[in-house]
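1. test case, fold it:
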Amino acid sequence: MTQFSAADCEYKPADEDSTHLAYVFHMTALDLERFVRLYLQKGNFEGDQLVPAWWIEQSLRPYSALPDGNGLGYFWEVAVDGKLYGTSTGTGGFAFSGWPGHYVVGLPDQQMSIVHALEYDVPGKETLSTERFARLLSFITTES
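-> Predicted coordinates:
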């Protein structure tokens, strides 16, 4: 990552959205894409194994099911039966979503990373719902 620093993280107290304390990362779309690409490359970056391949594989395995049909790995939502957010994405797809409408997706079958990021702290800014993102994802994966 080239633009990220530890100063871009903060603890967020519990609020109306969650009863849990959150550790929020503020990352640029470019750095988010690099993070997904690292996972697509099984933890290898330019010949250096930064994250063990076994950890990548283990973290992208579904350990439980979410109400929307996605599996849940370590941190990542993972495709079940080749579908992510109800959209056919191929084997091994994974994603993360966060407020205010950020979505990062890795599609190993196509070696494709997708990042949708919105600005933070814009009063009245509408977020991108999962349903709307799934529709966008279906257009992208249909064209690839």
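2. how close does A29 sit to Y39?
-> 16 Å (C-beta to C-beta, to the nearest Å). The way it works is simple: take the backbone N, C-alpha and C, and place the C-beta from them, glycine included.
3. between these two, which is the more surrounded one?
-> Neighbours were counted for A29 and for Y39 using other C-beta atoms under 10 Å; Y39 has more, 20 against 14.
4. ok so the more buried one is a helix residue?
-> Yes: under DSSP: H, G, I helix; E, B strand; the rest coil, Y39 sits within a helix.
5. let me know the pLDDT of it.
-> With respect to pLDDT, Y39 scores 94.
6. what of E119?
-> We have a pLDDT of 66 for E119.
7. from S5, how far out is T28?
-> T28 sits 11 Å away from S5, going by C-beta to C-beta.
8. settle it for me: which of the two has more neighbours?
-> The neighbour count for T28 versus S5, taken as other C-beta under 10 Å, is higher for T28 (15 against 8).
9. what about that one, distance to E46?
-> 20 Å.
10. looking at this protein, which helix or strand is least sure?
-> When each helix and strand of the chain is scored by mean pLDDT, DSSP states H and E, strand 22-25 comes last, with a mean of 75.
11. return the distance of that strand from the chain's centre.
-> 14 Å (C-alpha atoms, centre = their mean, to the nearest Å).
12. what helices or strands is that strand leaning on?
-> Applying 3 or more C-beta pairs under 8 Å, 6 or more residues apart in numbering; DSSP states H and E, we find strand 22-25 packed against strand 9-12.
13. buried residues in the strand it packs on?
-> Residues of strand 9-12 include none that count as buried (16 or more other C-beta atoms under 10 Å).
14. can you tell me the strand partners of that strand and which way each runs?
-> Here strand 9-12 has these sheet partners by DSSP bridges: strand 22-25 (antiparallel).
15. C-alpha coordinates for the partner strand, CSV please?
-> Taking C-alpha atoms only, strand 22-25 is exported to CSV below (Å, rounded to 0.1, in the frame of the first residue of the first chain):
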residue,chain,number,x,y,z
ALA,A,22,-15.1,-0.7,15.8
TYR,A,23,-11.6,-0.2,14.5
VAL,A,24,-12.1,1.8,11.3
PHE,A,25,-9.5,1.9,8.5
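16. all further residue positions should be reported with the first residue as 546.
-> Done: numbering now begins at 546, and the last item shifts to strand 567-570.
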